[in-house]
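In: coords please:
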Amino acid sequence: MKRFCIAMTAVFALAVSGQCFAQEQQEPPTVTEMAAAEAERLERLLELEYWQVFYVDSTLQHDFQAMKEEMEALQKAKVSNSAMYIAVQDRWMERIDSTYRKFFTDAQWKAYLKSGAAKQQKARAKRKAQAEGGKKQF
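Out: Numbers count the residues shown, from 1 in each chain. Now for the predicted structure:
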């Protein structure tokens, strides 16, 4: 999951910057490809049932697309505050985790958290607390 978030951040950073420096740049993966790759990774890692893989893939396709659209809206509005982009990503990743919890078994959820999701959840909570702390000061 850590690699996945890093990859997602990199893809969105490239989209936000709008600049491609490499001559033989490959196309970034589509939302469908990213969702399928993550669903396959989780299927292997957590030994998901076929119906769980379907729900993971469906969740990711929907939420990744919505996150991408929200990021593009910020880009079109020429928002330069990186914290806003991170907040969007955090909100969607939190939503994905809460959806996963609904259909993962307790053992699968524990394995998912051990695979790096717990660390990411703590990092998101820390960023959220810092953002709320900054708002209270004004």
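In: Going by contacts, tell me the helices and strands next to the top helix by length along the chain.
Out: Identified as the longest helix of the chain according to DSSP state H is helix 50-76. If you count contacts as 3 or more Cβ pairs under 8 Å, 6 or more residues apart in numbering; DSSP states H and E, helix 50-76 packs onto helix 2-17, helix 31-46, helix 82-103. The way it works is simple: take the backbone N, C-alpha and C, and place the C-beta from them, glycine included.
In: Please identify which of the ones you listed is closest to residue 52.
Out: Nearest to residue 52, of all the helices and strands packed on helix 50-76, is helix 82-103, at 5.7 Å by Cβ to Cβ.
In: for that closest one, what is the average pLDDT?
Out: For helix 82-103, mean pLDDT is 95.
In: contacts for that helix?
Out: Contact with helix 82-103 is made by 5, 8-9, 12, 16, 52, 55-56, 59-60, 63-64, 66-67, 70-71, 74, 79, 109, 112, 117, 120-121, 124, 127-128, 131, as judged by Cβ atoms under 8 Å, 6 or more residues apart in numbering.
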